[in-house]
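**Q** take this sequence and fold it.
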Amino acid sequence: MKHCLKVSLLILLPLLVNAQQNLYWEEWNQNQIDSLQSAWSNVGNDTLRMGIARSLGFYYQEKNRESSLYFSKQQLLLAEKLHQRLWQADALDQLAYVLAKMKNYPRSLQFFLDGINISENEEAEKNIWRISIFSSAKDPKVARLTVLGYLNNDIAVVYKATGNIQDGLAHLLVARKIGKSINNYAQLSMTNMALGTDYLFLNKLDSAISYTEDGLQYADKANFQKYRGDMLLTMGKIYLQKGNTALSKKYFQEAAQTSQLQNNSVEFGIALLNIAQIFTTNGNTDSSLWYASDALKILKAANDPEGVINAYLRLASIYKLKNKFDSAFKYQSLAMQSKEQLDNIEKINQFKNVGFNEQERLQQLETERAEFRNEIRTYVLLSGLGVIVIIALLLYRNNRQKKKANYLLAQQKDEIQNTLSELKSTQAQLIQSEKMASLGELTAGIAHEIQNPLNFVNNFSEVNKEMVDEASEEMNKGNYDEVKFILNDIKDNSEKINHHGKRADAIVKGMLQHSRQTKGVKEPTDINALCDEYLRLSYHGMRAKDKSFNVTLQTDFDKSIGKIKVVPQNIGRVLLNLFNNAFYAVNEKKKLLANSYQPIAEVKTRKLNDKIEIVVSDNGNGIPQNIIDKIFQPFFTTKPTGEGTGLGLSLAYDIITKEHNGTIKAESKEGEGSEFVIQLPLTKTS
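**A** Down below sits the predicted model:
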């Protein structure tokens, strides 16, 4: 059966790859992606792997850009190995687009230009593997122009992001011309959409309307609705700028409905914010508040920092109009905090892009020099009798210019090297100071990466369940040969479950290793004294930050424990984290209940046969039951933004379970308090 599965995969794989000819807008379900991932791991043929890499690169383009970057690089390497020029240009387009979205503009620009150079050359029309991916008509020229059209369309993203609107428009107009020549309606839809947004930015509203309407019409012709919500949003913004709020509201509502149907959370949230703005303009602050609040929830869930900042600002302005200045101040402060975090990230991106303008300038210089050489040749051909004198003068002039250019380039090279040295130093400082803020961004990629092996575990478990039932039926029929065959398949599936389980384990270990410090040395330690020491240390630390903080400290130590072998520094870190959390919890409850509530924090120890137990408890607000299972996960925190990293309990769990072979668990009743129980092996000293 295992052999049959492999044969079936090789037969179906070309069909899967061939279905990608509309991959710029194709939607995939998880089963198809799992199949492609499995094929990527099992198929050894370079040509098929190139097609699979292209499919996975496009799939992850807006979902996980690191994964998209990886598979696009694999497509490029395989295309170069197989001498597939058009596939190289296509891979360069993917790589450049993802790098632009990641704000690495210098590399993105270079990849775009390399792709354009390849696809402008008619040599790229030769030897195209699976041409139907690029041209349903199977015409090599149409295939090449299709890739060239998308490259010119996508490079505009880089120019717009760096403020060079005019060069971006020039490439978009080239892309529009190519799209019309080959009737590529999907590309024409995207190109006209981009032209509409650029002309809106330039305040040329009539042109913006014309191009955006063309984009909507081409989308209908191609049955390509992926960006319909974006275009409807653009139409709404245009009419809002023209002062036609009724028509603007209509387009924003259509954009919201379309984006919601397409599960495009970011565009859905932006559409709701624009509707809120219209209600504010019309004086309907209640409706405006409802739409803005809903937009904030959606944009937070979509992890769109710029959208969240705009939502905060919109809510602040609404509450100001409603004379609720406390709420207005709250959202204004949240907007400022979020903007500050976003600016810190942008600083690193600015350093990454320090060479972009220089790269463009050098490219322009090279173009000018090429034009100048052509001009010299023209003058030489037309000079006639004065050719010797003219050539001598031009060579002299050219030599001087070359020396001057070389001198300038040498100076600029030194300046760039100095800038890069300063950049490395500054980057190191920024990365260190922003490490905890940036660690939060790892969670989305980790969640995605760990989901893949877990999907395999779930799928193979379901298959095993069905095979067990099938084996039972065959056993009842007396078909023992078939039973043995099924049991072998179950064994194979179990091995795959074990393999992917280890993959998930490795991902988690890698994440924990990111923040773990080096191990200490176990030594005889008085655990009671250690608990008491860190309880006091945590209490005085809390008092140093808040003089009004008070809590009743209760201890109950089992003196029969004696000294046990532990790493005192690391156990101290665990205790300090638990005490800090307890004090934070009771302090928050004290703020709500004031004098009617007496905060209590307690630590007790006891000996249990071959174990010792440490219990840290408080009478704070407790932990909600729906999140108590998540508290030991890395980066998960119940504290507000800026007050917690979500690493404390994760590191505590590591220290107790992995370093000391113990256990740690949490018990809580919401509104009554929490209790953390640590059990460690009793390894007494002599």
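
**Q** tell me which helix or strand in this structure has the weakest average pLDDT.
**A** helix 2-18 (a mean of 43; mean pLDDT, DSSP states H and E).

**Q** going by neighbour count, list what's buried in the helix or strand following that helix.
**A** Following helix 2-18 in sequence order, the next helix or strand is helix 30-42 (DSSP states H and E). Applying a neighbour-count criterion of 16 or more other C-beta atoms under 10 Å, the buried positions in helix 30-42 are 33, 35-40. No exception for glycine: its C-beta is placed from N, CA and C like everyone else's.

**Q** which neighbouring elements make contact with helix 30-42?
**A** helix 2-18, helix 46-59, helix 435-477 (3 or more C-beta pairs under 8 Å, 6 or more residues apart in numbering; DSSP states H and E).

**Q** I'd like the average pLDDT over the longest one.
**A** Confidence over helix 435-477, taken as the mean pLDDT, stands at 67.

**Q** also the second one?
**A** What helix 46-59 shows for mean pLDDT is 91.

**Q** so how far is it off the chain centroid?
**A** Offset of helix 46-59 from its chain centre (C-alpha atoms, centre = their mean, to the nearest Å): 21 Å.

**Q** who's in contact with Val574?
**A** 651-652, 655-656, 664, 678 (C-beta atoms under 8 Å, 6 or more residues apart in numbering).

**Q** just these now: which is nearest Gln217?
**A** Of all those, Leu651 has the smallest distance to Gln217: 56.9 Å, by C-beta to C-beta.

**Q** what's the distance between the closest one and Leu86?
**A** 50 Å (C-beta to C-beta, to the nearest Å).

**Q** nearest to Asp556, of the buried residues of helix 30-42?
**A** The nearest member of the buried residues of helix 30-42 to Asp556, counting by C-beta to C-beta, is Gln37 at 53.7 Å.

**Q** my guess is the closest one meets Ser55, correct?
**A** No - in this structure, Gln37 is not within contact of Ser55 by C-beta atoms under 8 Å, at 10.3 Å.

**Q** now the strands for this structure?
**A** For the chain, applying DSSP state E gives strands covering 523-526, 552-556, 563-566, 600-608, 611-618, 663-669, 673-681.

**Q** will you turn these into JSON lines that also has mean pLDDT, mean neighbour count and distance to Asn64?
**A** Below are these laid out as JSON lines (pLDDT from 0 to 100; neighbours: other C-beta atoms under 10 Å; distance: least, C-beta to C-beta, whole Å):
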{"stretch": "strand 523-526", "mean pLDDT": "89", "mean neighbour count": "15", "distance to Asn64": "45"}
{"stretch": "strand 552-556", "mean pLDDT": "91", "mean neighbour count": "13", "distance to Asn64": "47"}
{"stretch": "strand 563-566", "mean pLDDT": "88", "mean neighbour count": "20", "distance to Asn64": "40"}
{"stretch": "strand 600-608", "mean pLDDT": "92", "mean neighbour count": "18", "distance to Asn64": "42"}
{"stretch": "strand 611-618", "mean pLDDT": "92", "mean neighbour count": "21", "distance to Asn64": "39"}
{"stretch": "strand 663-669", "mean pLDDT": "89", "mean neighbour count": "16", "distance to Asn64": "32"}
{"stretch": "strand 673-681", "mean pLDDT": "91", "mean neighbour count": "20", "distance to Asn64": "35"}
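
**Q** figure out which of those strands is closest to Asn104.
**A** The nearest among the strands of the chain, by C-beta to C-beta, is strand 663-669 at 41.5 Å.

**Q** other residues contacting the closest one?
**A** 574, 622-623, 625, 628, 631-632, 652-653, 656-657, 674-679.

**Q** apply 10 Å and report the result again.
**A** Contact partners of strand 663-669, identified using C-beta atoms under 10 Å, 6 or more residues apart in numbering, comprise 574, 578, 581, 585, 611, 613-618, 620-625, 627-629, 631-632, 649, 652-657, 673-681.

**Q** how about stretch 590-601?
**A** Here stretch 590-601 makes contact (C-beta under 10 Å, 6+ apart) with 535, 538-539, 548-555, 578-579, 581-583, 585-589, 616-621, 673.

**Q** of the residues you listed, just the buried ones, ChimeraX syntax please.
**A** The following ChimeraX line selects those of those that are buried, judged by 16+ other C-beta under 10 Å:
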select :535,538,539,551,553,578,579,581,582,583,585,586,587,589,616,617,618,619,620,621,673
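
**Q** please report the distance of Ile631 from Ala594.
**A** Taken as C-beta to C-beta, the span from Ile631 to Ala594 is 28 Å.

**Q** which one's more surrounded, these two?
**A** Neighbours per residue, other C-beta atoms under 10 Å: of Ile631 and Ala594, the larger number sits with Ile631, 20 against 7.

**Q** list the contacts of that one.
**A** The contact partners of Ile631, by C-beta under 10 Å, 6+ apart, come to 581, 623, 637-638, 646, 648-650, 653, 666, 668, 674, 676.

**Q** any idea which of the residues you listed is closest to Glu122?
**A** Closest to Glu122 out of the contacts of Ile631 is Gly646 (55.7 Å), distances taken as C-beta to C-beta.

**Q** got a pLDDT number for the closest one?
**A** pLDDT at Gly646 comes out at 57.

**Q** in contact with Asp90: list those residues for me.
**A** Counted by C-beta under 10 Å, 6+ apart, Asp90 has contacts 23, 54, 57-58, 72, 75-76, 79, 84, 115, 118-119, 124, 133-134, 143, 146-147, 150-151.

**Q** repeat that with 6 Å
**A** For Asp90, the contacting residues are Val147, by C-beta atoms under 6 Å, 6 or more residues apart in numbering.

**Q** equivalent analysis for Asn619, please.
**A** Residues counted as contacts of Asn619 (C-beta under 6 Å, 6+ apart) are 600, 673.

**Q** quick one: it from Gly51, how far?
**A** Distance from Asn619 to Gly51, by C-beta to C-beta: 62 Å.

**Q** same deal with Leu299?
**A** Taken as C-beta to C-beta, the span from Leu299 to Gly51 is 36 Å.

**Q** next: Val463.
**A** 27 Å.

**Q** and the average pLDDT for stretch 255-270 is what?
**A** On average, stretch 255-270 scores 84.

**Q** need the contact partners of that stretch.
**A** 228-229, 232-233, 271-272, 295, 298-299, 302, 304, 307.

**Q** if we can go back for a sec, could the buried residues of helix 30-42 go into TSV alongside distance to Asp198 and pLDDT?
**A** What follows is the buried residues of helix 30-42, written out as TSV (distance: C-beta to C-beta, whole Å; pLDDT from 0 to 100):
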residue	distance to Asp198	pLDDT
Ile33	34	83
Ser35	39	87
Leu36	35	88
Gln37	38	88
Ser38	42	90
Ala39	40	90
Trp40	38	93
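
**Q** what's the closest of those to Lys160?
**A** When the buried residues of helix 30-42 are ranked by distance to Lys160 (C-beta to C-beta), Ile33 comes first, at 30.7 Å.

**Q** got a list of what the closest one touches?
**A** Ile33 neighbours (C-beta under 6 Å, 6+ apart): Tyr59.

**Q** what does the domain assignment say about the chain?
**A** With automatic domain parsing as the criterion, the domains of the chain are listed as 227-353, 356-433, 436-515, 523-681.

**Q** distance of Ile416 relative to Tyr407?
**A** 15 Å.

**Q** I should have written Asp556 there, sorry.
**A** Taking C-beta to C-beta, one finds Asp556 at 81 Å from Tyr407.

**Q** ok, Pro624 next?
**A** Distance of Pro624 to Tyr407, given as C-beta to C-beta: 69 Å.
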